[in-house]
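> The following block contains a protein sequence and its predicted model.
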2 protein chains.
Amino acid sequence: MAQQLRVDAIRAARSAGSGHPTSAMSAADLLAGLFDGHLRLDFDRPRAPHNDHFVLSKGHASPLLYAGYKAVGVINDEELMTFRSFGSRIEGHPTPLLPWVDVATGSLGQGLPIGVGLALAAKRLDRSTARVWVLCGDSEMTEGSVWEAFEHAAHERLDNLVALVDVNRLGQTGETMHGWGLSAYAARAQAFGWQALEIDGHDAGQIERALTRAGQASDRPVVILARTCKGKGVAEVEDQHGKHGKPLAEPDKAIDQLGGSRNLRFTPARPGAETGHQPARRTPVSLTRHEIGTETATRHAYGSALRELGTLRADVVALDGEVSNSTFAELFRDSHPDRYFEMYIAEQQLVASAVGMQARGWRPFASTFAAFLTRAYDFVRMAAISRANIRLMGSHAGVATGEDGPSQMGLEDIAAFRAIHGSTVLCPSDANQTAVLVEQLADSSGVCYLRTSRGSVPVLYDPAQEFPIGGSTVLRDGTDVTLVGAGVTLHEALSAAENLASEGLRARVIDLYSIKPVDTETIARAAVETGAIVTVEDHHPEGGVGDAVLEALASADTPVPVTKLAVRTMPGSGKAAELMRQARIDAHAIAEAAGQLVASKPG
Amino acid sequence: MAQQLRVDAIRAARSAGSGHPTSAMSAADLLAGLFDGHLRLDFDRPRAPHNDHFVLSKGHASPLLYAGYKAVGVINDEELMTFRSFGSRIEGHPTPLLPWVDVATGSLGQGLPIGVGLALAAKRLDRSTARVWVLCGDSEMTEGSVWEAFEHAAHERLDNLVALVDVNRLGQTGETMHGWGLSAYAARAQAFGWQALEIDGHDAGQIERALTRAGQASDRPVVILARTCKGKGVAEVEDQHGKHGKPLAEPDKAIDQLGGSRNLRFTPARPGAETGHQPARRTPVSLTRHEIGTETATRHAYGSALRELGTLRADVVALDGEVSNSTFAELFRDSHPDRYFEMYIAEQQLVASAVGMQARGWRPFASTFAAFLTRAYDFVRMAAISRANIRLMGSHAGVATGEDGPSQMGLEDIAAFRAIHGSTVLCPSDANQTAVLVEQLADSSGVCYLRTSRGSVPVLYDPAQEFPIGGSTVLRDGTDVTLVGAGVTLHEALSAAENLASEGLRARVIDLYSIKPVDTETIARAAVETGAIVTVEDHHPEGGVGDAVLEALASADTPVPVTKLAVRTMPGSGKAAELMRQARIDAHAIAEAAGQLVASKPG
């Protein structure tokens, strides 16, 4: 069977004219062993909760996975030969366009952290007997995210998680740090609390015994360290430098060496009967109502709303990166400890866990400081390719964070999240709006980001008001100029409008709580009716609120002058008000910019 | 002395009304021991090459560092009491506004990877006897980046690197995974190839012996694992939950318990005479000239130019994340092996090493796929706060990457890098332009990003042409519409202009190779003279070339309609041309959009 997988991987790469057959060939025996009796997956019902999961962390070995699917019988040879061609779901790296692929891979070091999320969901949420198998490359063991996963898996005693490491010694450009030194990996894994099994990755008997032992683990995760040869079985490429990521030069000869094409079939193991946990019923509960005029931080409103959402819906889970008393995720933790996950200071594992959990149907909300979500940006990017539905909350946005200084201030977060395909980016301006948005996020799709602030702000809205995603509110009408803010800057814009009124200028004020998708219609109308727009954001000038407004206006019929106020200097420490004044995003700066813009209007 | 540091930390936090005195108090004995005879730093000449480095990775313990500086005599008590106040350089977390701070900290898990960069530069580039001391918190040991650093430091045998871990057991919200389990950390560190010393972090004798041993290490890095108490010395807070990140409630009582204020002075150890390496002289060399009309990939031109720059200048170094045959950093490696650093697949360590090296005056160029630089986005963000001068090259930009699929395509990179304060973002369109830009980058400041593409493109420019950062070129004149592209899309824009010409439309074509800073003047003139602009980029629509153009136009007197073409769908695999057509960023889509825009022009 392993030879068949190798042959099919070579054939797929030949057909594509590109791909990574040698990386597939080293792991062929491992995959054959796993698919033959160990992976308990009902391919006809890929989302069934008692299914095992298989994550190909070394996503470039995709032809091996696809060859395996062919051997299972869920794709045919014709489809296999569409590998890497336009419109095919047999992509260069696996994505969930194939129903048996839970998450996209191809950015190395992500499979194991996501596997931790899957295993946590299976064990602690679904209480399922499902196991999670992750096939890693040896090159990716240098990614720190892999060690976040090792640490968390052992801490959580995930005995339903098995990592298989294909130690083929050769990376893309040369030998790995440890070559075939299995003991180097074993020592690290054991120190992190895992059971490590060292085997010959081309010996079917050793593979079978290791998989069996791994499947019987009872108190800790298991890593199978398999010594393999890249390009195994074909002299032209076996254990040769310079053979990474290219089709074989002489594929026919190679296929002959491997015994020619075959058409063997796996009979996949079936999952056992589901003995899992049934999520509790939903309990009706009302969101906390914040009285207009009182003051609450939006991060605090997030925590309250999430706690109530957790009561309302049994499928909501929360994760935090050891700052739950800052993000107020602790309110959820204290009410729903069985659905709260402490991810410690490991933001990549935080996001990866959310991605894994949503793949099993849960609705994760993950929180940390906005600034620190940048640590997981590659995981966010890949989550979009995974078609994952996750909700991320970033607190302590902008210079309004104050005395802690720039390292703690989210000043690039809107830009980063807006650029993610299919993302939603929200920045609420008061506590009631925050609560309404959090509630909607439970049913949202794609990567959703909610930005909150450290300091308290006045409650502006009635608790019953609706705030559709993609909408905005007009808090003050006016025809001379439009002021657009979100979050803390909305409050500054309201003050500025007040000041402008005393000078006889009527400013319209828009609360752009939904930065993506953006309310093009309201902005375009404001452009037509006021002829000048000032945007103001507690964020660097690129890619934020101002750019969202410019994007909305670019397609409008009547372009108008726009002044973008944003944080254009490197902040230091100080009081929020001092730093906002310095950055020229406070009421005074807004009123001044609006006055100048109106004065320069033609006619 | 440690008591004095505690008292001053408490006083600073009292003065500020915020801060992390308890995190300072646990590490006070460690810092006192280090500053008293082990840290060989000439505070009067903080950039001298034989100086040791001290990195406070647990940046929130900043009042301890500042109290230490006061005890050295380089800041006075008055300045210490400006802690966290507006305009003070005594910020909430340390930044290089203070000349003895090499790099900003405050995003946990970054100090040790940057320490690896400093130690690599000292040992392998400067051949200096300088040592690097990094004080870490125990909470940050869960960051994967810390383990990237452990792996790399051992692999490089950095016996000039010492990590001190302040194991005070308590994180922000609760106990760490391992509490006071020093052996858990020791096992991990030893498995990764470090020498581990376990001590009582409040015993001056044990500290002194451990620092002495660490300073004598000869073949591997050393980690000192110090068992400490958070809030040590003050009953109100010592080893108490819930005392993180806030001033003491009763500071006067605490100061009394600690024996009151003192004014002891450190006598810092002096660095030895410099026996370091003198960089070789510069050797004049010409950049490779690419003939107009030939085809070369910009990533290849990067590698060639970098190799030549390395010959021209002895202070240029290159690093790559195990993809140097894709980024063509291998050309530099083969010519200048002593100044090339293989960072394996560890992008956080890749960027951190560059940050550390530039702090010692070197000029690093670090490369990997554009998509994978997102892995290090938090390090890039912090590099800006560190006022670091680094150059990052991201290859395989956009859907033009082709068959490998979306996981390998940089589609958010321009947005991410533009949002970094003070950044430069370049996207060359041909080989000669690439070479000229690479050469300029050697003297650039801030975070500089160069985006290159996988496929070959025709050489457009004469090798002698200049391409100032902040400029653009007008490749084709016209008055009906302006087409703005960069990189692969510039070539599509040129084709589109050709097609439009056959329909009688004269399109101006601008090569926006400098996306930030952007050439506002040329864009504004094009707006006035052509009245319509189409931007086209191989990037998601948010935060990229189109937004840079909109930003430039926002401040212009004459707003014009802009059509932004960008990648609005999730790509799959396929040929570059197929994917560009699907994304509607090819010549056909550009011509169509331009035609529609012109047809809709008023008048």
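Nice, thanks for sending it over.
> Spell out which residues of the stretch 1-150 of chain A are next to chain B.
Counting by CB under 8 Å from any CB of the partner chain, the stretch 1-150 of chain A comes close to chain B at A:16-19, A:59, A:84-89, A:91-93, A:95, A:97, A:104-109, A:139-140, A:142-148. Just so you know, the C-beta spots here come from the backbone N, C-alpha and C atoms, and that holds for glycine as well.
> Cross those against helices and list the overlap.
A:16, A:144-148 (DSSP state H).
> pLDDT of stretch A:118-125, averaged?
Mean per-residue pLDDT for stretch A:118-125: 97.
> Apologies, that question was intended for stretch A:76-87.
97.
> give me the low-pLDDT residue ranges for the stretch 501-603 of chain A?
Low-confidence segments of the stretch 501-603 of chain A (pLDDT under 70): A:556-558, A:603.
> Ignore what I typed, I meant chain A.
Looking at chain A by pLDDT under 70, you get A:274-282, A:556-558, A:603.
> Kindly state the domain boundaries assigned to it.
What automatic domain parsing lists as the domains of chain A is A:2-257, A:295-458, A:473-599.
> Go through the ones you listed and pick out the most buried.
Stretch with highest mean neighbour count among the domains of chain A: domain A:295-458 (a mean of 25; mean count of other CB atoms under 10 Å in any protein chain shown).
> close to chain B, is it?
Yes - between domain A:295-458 and chain B, judged by CB under 8 Å from any CB, the touching residues are A:322-326, A:330, A:342, A:344-349, A:371-372, A:374-375, A:377-378, A:381-382, A:384-385, A:403-408, A:411-412, A:415-416, A:418-422.
> How about stretch A:566-579?
Yes - under the criterion of CB under 8 Å from any CB, chain B is reached by stretch A:566-579 at A:567, A:569-570, A:572-575, A:578-579.
> can you name the two of these that are farthest apart?
A:M570 and A:K575 (17.1 Å; CB to CB).
> could you measure A:M1 against chain B, distance?
Using CB to the nearest CB, to the nearest Å, A:M1 is found at 26 Å from chain B.
> which one is that residue nearest to, not counting chain neighbours?
Excluding the flanking residues, the one nearest A:M1 by CB to CB, 6 or more residues apart in numbering or on different chains is A:A32, at 4.4 Å.
> Return the residues in contact with that neighbour.
A:1-2, A:5, A:68, A:204 (CB atoms under 8 Å, 6 or more residues apart in numbering or on different chains).
> So which of these is the closest to chain B?
A:G68 (18.5 Å; CB to the nearest CB).
> So what angle separates the directions of the helix or strand A:R381 falls within and helix B:377-385?
Using DSSP states H and E, A:R381 sits in helix A:377-385. Orientation check (axes from the mean of the first three to the mean of the last three CA atoms, to 10 degrees): helix A:377-385 against helix B:377-385 gives 140 degrees.
> So what pairs up with A:L450 in the strands?
A:M393, A:L426 (DSSP bridges).
> now it: how far from chain B?
17 Å.
> what's the distance between A:F332 and A:H290?
When distance is defined by CB to CB, to the nearest Å, A:F332 is 18 Å away from A:H290.
> count of neighbours near the nearest residue to A:E291 once chain neighbours are set aside?
With sequence-adjacent residues excluded and distances taken as CB to CB, 6+ apart, A:E291 is closest to A:V459, at 6.3 Å. A count of nearby residues for A:V459, using other CB atoms under 10 Å in any protein chain shown, gives 21.
> do you know how far A:P221 is from B:S145?
Applying CB to CB to A:P221 and B:S145 gives a distance of 22 Å.
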